[in-house]
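Enquirer: what follows is a protein structure lacking sequence information:
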């Protein structure tokens, strides 16, 4: 991998991690079409850069949550428990099917199909009604199940979890904030699992370049998507995922 390819990967991760279009699917497609060979550890390290972004932007909420737990604030403790509940399905699926999921990254047909599934999930949010419901065990578990499905490259994690929240009747702001806070244990967990392989990455300079670009672009894209969700513009991302997914499927069947 060269510096140009490192920049491409950083831009891809920075933009697509927070947009509801599947960063893992886009990274897999970029690696396929640009013939970039990177390890899973490299991908995970880029996600770790995204983790830095989420902590940076939601630091006040994270700090409030930690302080609330320490002082035994009921609302903070409940939120923490709901985050744990929503993290369990993805943790189980990721642990049990890790090898099979990794193999899907090399099959662009599956990625194309997954992107079209993402487009349908996003499209149906237009029918979701805001009932101002509070987070509870039931909707936290539903969001967690959607997140587990999003382990597949091409299924957007942010798109799926926010959509699940909207389907549950949550306020868009509540669903969005919960979705992004939920990304912390998932990214942290995958980073810990792959930490032993980070030292095997030879191109440290390229890794750092991708990391910095991911942080900068990711910060801008996350600030943008927070405004988009509040204005219920998921339909545009639905159209994008459908077009891209269809093109990928057509291409994969033609080769």
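Expert: Alright, I've got the coordinates. Every value quoted in this text rests on a predicted model; they were computed, and no experiment measured them. Numbers count the residues shown, from 1 in each chain.
Enquirer: low-confidence ranges in the stretch 51-200 of the chain?
Expert: Counting by pLDDT under 70, the stretch 51-200 of the chain has low-confidence residues at 98-99, 102, 104-105, 194-200.
Enquirer: so which residues of it form strands?
Expert: The residue ranges that make up strands in the stretch 51-200 of the chain, judged by DSSP state E, counting those that start in this stretch, are empty, as it has none.
Enquirer: as a check, name the ranges of all helices in it.
Expert: Under the criterion DSSP state H, counting those that start in this stretch, helices of the stretch 51-200 of the chain are mapped to 59-70, 74-96, 98-104, 108-123, 137-149, 157-167, 172-198.
Enquirer: closest one to residue 16 among these?
Expert: Among those, helix 157-167 comes nearest to residue 16, with 9.5 Å by CB to CB. The C-beta positions use only the backbone N, C-alpha and C, and glycine is treated the same way.
Enquirer: what angle sits between that closest one and helix 74-96?
Expert: Angle between the axes of helix 157-167 and helix 74-96 is 130 degrees (criterion: axes from the mean of the first three to the mean of the last three CA atoms, to 10 degrees).
Enquirer: now the angle from helix 157-167 to helix 108-123?
Expert: 30 degrees.
Enquirer: contacts for helix 157-167, please.
Expert: Judged by CB atoms under 8 Å, 6 or more residues apart in numbering, the contacts made with helix 157-167 from elsewhere in the structure are 17-23, 86, 118, 121-122, 124-125, 128, 130, 139, 142-143, 145-147, 149-151, 172, 174-176, 178-180, 182-183, 186, 225, 229, 234, 237.
Enquirer: just the helices of the stretch 51-200 of the chain: most buried one?
Expert: Mean neighbour count (mean count of other CB atoms under 10 Å) peaks for helix 157-167 among the helices of the stretch 51-200 of the chain, with a mean of 26.
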